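Chemist: Build me a model:
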Amino acid sequence: MKNQNPKLFSFAEVYCKIFGHKLEVSKNVTNHIHEYKCAKCGLELTDTANGFLARLTPKFKETNEYIRKIHKKRCRRVYANHATS
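Modeler: Okay, here's the model as predicted:
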């Protein structure tokens, strides 16, 4: 049976496999956790708990969004306490 969705050839992917990805920060989740996107091929990566980079899967997106919300609440609370002091 033939594959219905063959993977298309991409020069950007070949370029990245030879020379490496050109990662740019696409989103700051917290001060230490970021989401990255390759400027050439569009590969999305994120920081993991152990400090490495991993592909940005839907599970990681959900986790990063949850962490961002917690971090944002905590920062608001800390800044509010300093303003009243």
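Chemist: quick one: low-confidence ranges for this structure?
Modeler: Within the chain, the stretches with pLDDT under 70 are 1-7, 83-85.
Chemist: Which strand or helix spans the residue most central in space within it?
Modeler: Nearest to the geometric centre of the chain sits Glu35, at 2.2 Å (CA atoms, centre = their mean). According to DSSP states H and E, Glu35 maps onto strand 34-38.
Chemist: pretty sure His71 contacts Val29?
Modeler: Yes. The criterion here is CB atoms under 8 Å, and His71 meets it with Val29 at 7.3 Å. Where C-beta positions appear, they are placed from N, C-alpha and C, glycine not excepted.
Chemist: So which of these two has more stuff around it?
Modeler: Set His71 next to Val29 and count neighbours by other CB atoms under 10 Å: Val29 wins out with 19 against 16.
Chemist: Tell me how far that one lies from Tyr79.
Modeler: Separation of Val29 from Tyr79 (CB to CB, to the nearest Å): 18 Å.
Chemist: cool, Asn31 as well?
Modeler: Taken as CB to CB, the span from Asn31 to Tyr79 is 14 Å.
Chemist: repeat for Ala49
Modeler: 26 Å.
Chemist: cool, and Thr63?
Modeler: As for Thr63, its distance to Tyr79 is 25 Å (criterion: CB to CB).
Chemist: ok, which stretches of the protein are strands?
Modeler: Applying DSSP state E to the chain gives strands spanning 23-28, 34-38, 44-47, 53-55.
Chemist: Let's have the ones you listed in JSON lines, adding distance to Ile67.
Modeler: Formatted as JSON lines, the strands of the chain follow (distance: least, CB to CB, whole Å):
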{"stretch": "strand 23-28", "distance to Ile67": "11"}
{"stretch": "strand 34-38", "distance to Ile67": "11"}
{"stretch": "strand 44-47", "distance to Ile67": "10"}
{"stretch": "strand 53-55", "distance to Ile67": "14"}
